[in-house]
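Asks: Model the structure of this input:
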Amino acid sequence: MCGIVGIVSSQPVNQQIYDALSLLQHRGQDSTGIATADGDTIHMNKAKGQVREAYRTRDMRSLIGTTGLGHVRYATRGNAANEEEAQPFYVNAPYGIVLVHNGNLTNTRELTQELFHVDRRHLNTSSDTELLVNVLANELQEQVSGSELDPDQIFTAISRLHERVEGSYAAIALIAGHGLLAFRDPFGIRPLVLGRRAAGFVGDDWIVASESLVLESAGYELVRDLEPGEAVFIAMNGEMTSRQCAANPRLIPCSFEYVYLARPDSIMNGISVYEARLRLGDRLADTIAKYTPRGDIDVVMPIPDSSRPAAMQVAQKLGIEYREGFYKNRYVGRTFIMPGQAERKKSVKQKLNAMGSEFKGKNILIVDDSIVRGTTSKEIVQMAREAGANKVTFTSAAPPVRYPHVYGINMPTRHELIAHGRKIPEIATELGTDYLIYQEVADMQAAIIEGSNVTALEMSCFTGDYVTGTVTPEYLAWVEANQLS
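Replies: Predicted coordinates for the structure are as follows:
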């Protein structure tokens, strides 16, 4: 769960990348990094914290060049506190490669052994991004003869990478002296979009990024999403080539992007995030009407901000008054991506304040985008009661999160998930709510993909079905053991 961007421009890219990362800050707050290329020379700066905290004027001045990439990190693999695991990652051969990555690799144990014993490559961290850049470098080294590099060699290397790597990965790599490479896993689990901007007589500027809002802000035209398994190479002169590099690609994007992670003003895989969230509200309203006694709801309230579109549709469809009862402190990070349970609990009341005038004596229906660990939800129910609510009905625009997520969202262990091993009435008791209503799995998928060419979603955290087909109970136990150690 990270944000990535890469730019090939006719102008210096340091400020462009900084601005893009600022727009992607919601995707990660642990660390950030920028790398640029000035001819054959790579300049890099990375640090812990948010974008606005990480870079000083002297840092930006050192990031010279018209080609570059950037990253904001939310650690789902490796050590969040270790600055060495901040991205980008660099290897010096062939040519010099810098890479940023959004996703999680699920065969890291096998790749680590292969890289050490077969490829003779050394790894310095536990980051799967370091694994990925070394696999890319090794496969590219196998294709290169002499000093020349052409797109055919690059695309063959990506085909070999797809054969070796399992899991989710949207990645951007800077190859010193040659250009920018972007590629997406064969299932398209994590998003990656391509944009173009006219640059006068010099040629076109190009951008690849996690979300389309980055393109629109900088005046780029959204060309398309990268296809699952596809690679795009943009030379430093702006010439773009692409190729499908996977044997059996199939688009199955992550449902959680639409439920929670992405900004509502983005379009991914041809689906407007905002419109998807409105449709989630429509479907949820039908389920609420089915299970909630009439007269037990006076007002509908969202948990700001990502649940607001769904809550508005719930209120409209049920004919119930919509009110804003929670005030959000925008200077506190998103609680779902806080690094630990204690930190999440501490931050809830710092982040939200309940306005008593909106709660006193009323039966409240609270709409949230999802319920993962339950920490935030439990605190919110308590806040509503302390503010004077008569009854509290809590609803989730997503189904119960019952299984670990291994493709780039931080839900690696079952014991963290409030819905794991519990029935809905048991969860309601745990949260302290009078009624608890979840979105149905089929309704969630139908709401998100409606009107698009997408036919299926990655929904493993709701269903336990892992689309890559290589996630076994033994692997999940290993991930959990390592997370807890």
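Asks: In terms of pLDDT, where does N82 sit?
Replies: In this model, N82 is scored at 62, pLDDT.
Asks: Let me see the ranges of the strands in the stretch 201-350 of the chain.
Replies: Here the stretch 201-350 of the chain has its strands, by DSSP state E, counting those that start in this stretch, at 204-209, 221-225, 230-235, 240-244, 267-268, 271-272, 299-302, 321-322, 326-328.
Asks: Next, format those as JSON lines and append mean pLDDT, distance to Y18 and mean neighbour count.
Replies: In this view, the C-beta of every residue, glycine as well, is placed from N, C-alpha and C. Shown next, in JSON lines, are the strands of the stretch 201-350 of the chain (pLDDT from 0 to 100; distance: least, C-beta to C-beta, whole Å; neighbours: other C-beta atoms under 10 Å):
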{"stretch": "strand 204-209", "mean pLDDT": "96", "distance to Y18": "13", "mean neighbour count": "26"}
{"stretch": "strand 221-225", "mean pLDDT": "97", "distance to Y18": "21", "mean neighbour count": "16"}
{"stretch": "strand 230-235", "mean pLDDT": "97", "distance to Y18": "20", "mean neighbour count": "24"}
{"stretch": "strand 240-244", "mean pLDDT": "97", "distance to Y18": "24", "mean neighbour count": "17"}
{"stretch": "strand 267-268", "mean pLDDT": "96", "distance to Y18": "23", "mean neighbour count": "22"}
{"stretch": "strand 271-272", "mean pLDDT": "97", "distance to Y18": "27", "mean neighbour count": "20"}
{"stretch": "strand 299-302", "mean pLDDT": "96", "distance to Y18": "31", "mean neighbour count": "25"}
{"stretch": "strand 321-322", "mean pLDDT": "96", "distance to Y18": "37", "mean neighbour count": "15"}
{"stretch": "strand 326-328", "mean pLDDT": "85", "distance to Y18": "25", "mean neighbour count": "15"}
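Asks: out of those strands, nearest to E450?
Replies: Closest to E450 of those is strand 271-272 (C-beta to C-beta; 8.6 Å).
Asks: can you give me the helices in the stretch 351-485 of the chain?
Replies: 375-386, 424-431, 441-449, 460-463, 473-484 (DSSP state H, counting those that start in this stretch).
Asks: what's the closest of these to R109?
Replies: helix 473-484 (7.5 Å).
Asks: Contacts for that closest one next, please.
Replies: Contacts with helix 473-484, where a contact means C-beta atoms under 8 Å, 6 or more residues apart in numbering, come from 106, 109, 404, 406, 412-415.
Asks: Please repeat the previous calculation with a cut-off of 7 Å.
Replies: 106, 404, 406, 412-414 (C-beta atoms under 7 Å, 6 or more residues apart in numbering).
Asks: circling back: can you say which of the strands of the stretch 201-350 of the chain is nearest to E458?
Replies: strand 267-268 (12.5 Å).
Asks: Quick check: neighbours of the closest one in the sheet, parallel or antiparallel?
Replies: Partner strands for strand 267-268, per DSSP bridges, with pairing direction: strand 271-272 (antiparallel).
Asks: can you list contacts of the strand it pairs with?
Replies: Residues outside strand 271-272 that contact it (C-beta under 7 Å, 6+ apart): 258, 448, 452, 454.
Asks: low-scoring stretches of the stretch 51-200 of the chain, by residue?
Replies: For the stretch 51-200 of the chain, applying pLDDT under 70 flags the ranges 76-82, 200.
Asks: show me where it has helices.
Replies: Counting by DSSP H, counting those that start in this stretch, the segments of the stretch 51-200 of the chain that form helices are 51-54, 57-62, 108-117, 128-143, 151-164.
Asks: Please save the CA atoms from the second one in CSV.
Replies: Written as CSV, here are the backbone C-alpha positions of helix 57-62 (Å, rounded to 0.1, in the frame of the first residue of the first chain):
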residue,chain,number,x,y,z
THR,A,57,15.7,23.1,-0.4
ARG,A,58,19.2,21.7,-0.6
ASP,A,59,17.8,18.2,-1.2
MET,A,60,15.6,19.4,-4.0
ARG,A,61,18.5,21.3,-5.6
SER,A,62,20.6,18.1,-5.6
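Asks: buried stuff in that helix?
Replies: Within helix 57-62, the residues that count as buried by 16 or more other C-beta atoms under 10 Å are 59-60.
Asks: and what of the third one?
Replies: The neighbour-count criterion (16+ other C-beta under 10 Å) identifies 108, 111-112, 114-115 as the buried residues of helix 108-117.
Asks: Nearest to V392 among the residues you listed?
Replies: Closest approach between the buried residues of helix 108-117 and V392, by C-beta to C-beta: T108, at 42.4 Å.
Asks: now the closest one: how far from L131?
Replies: Look at T108 and L131: by C-beta to C-beta, to the nearest Å, they are 6 Å apart.
Asks: tell me the mean pLDDT over the lengthiest helix in the chain?
Replies: As assigned by DSSP state H, the longest helix anywhere in the chain is helix 273-291. Helix 273-291 carries an average pLDDT of 96.
Asks: next one: stretch 455-466
Replies: Mean per-residue pLDDT for stretch 455-466: 96.
Asks: Go through that stretch and flag the buried ones.
Replies: So stretch 455-466, judged by 16+ other C-beta under 10 Å, has buried residues 457-462, 466.
Asks: Which two of those residues have the greatest separation?
Replies: For the buried residues of stretch 455-466, and using C-beta to C-beta, no pair is farther apart than L457 and Y466, which are 12.8 Å apart.
Asks: coming back round to it: show me which of the buried residues of helix 108-117 is closest to E211.
Replies: Out of the buried residues of helix 108-117, the member with the shortest distance to E211 (by C-beta to C-beta) is T108, at 26.2 Å.
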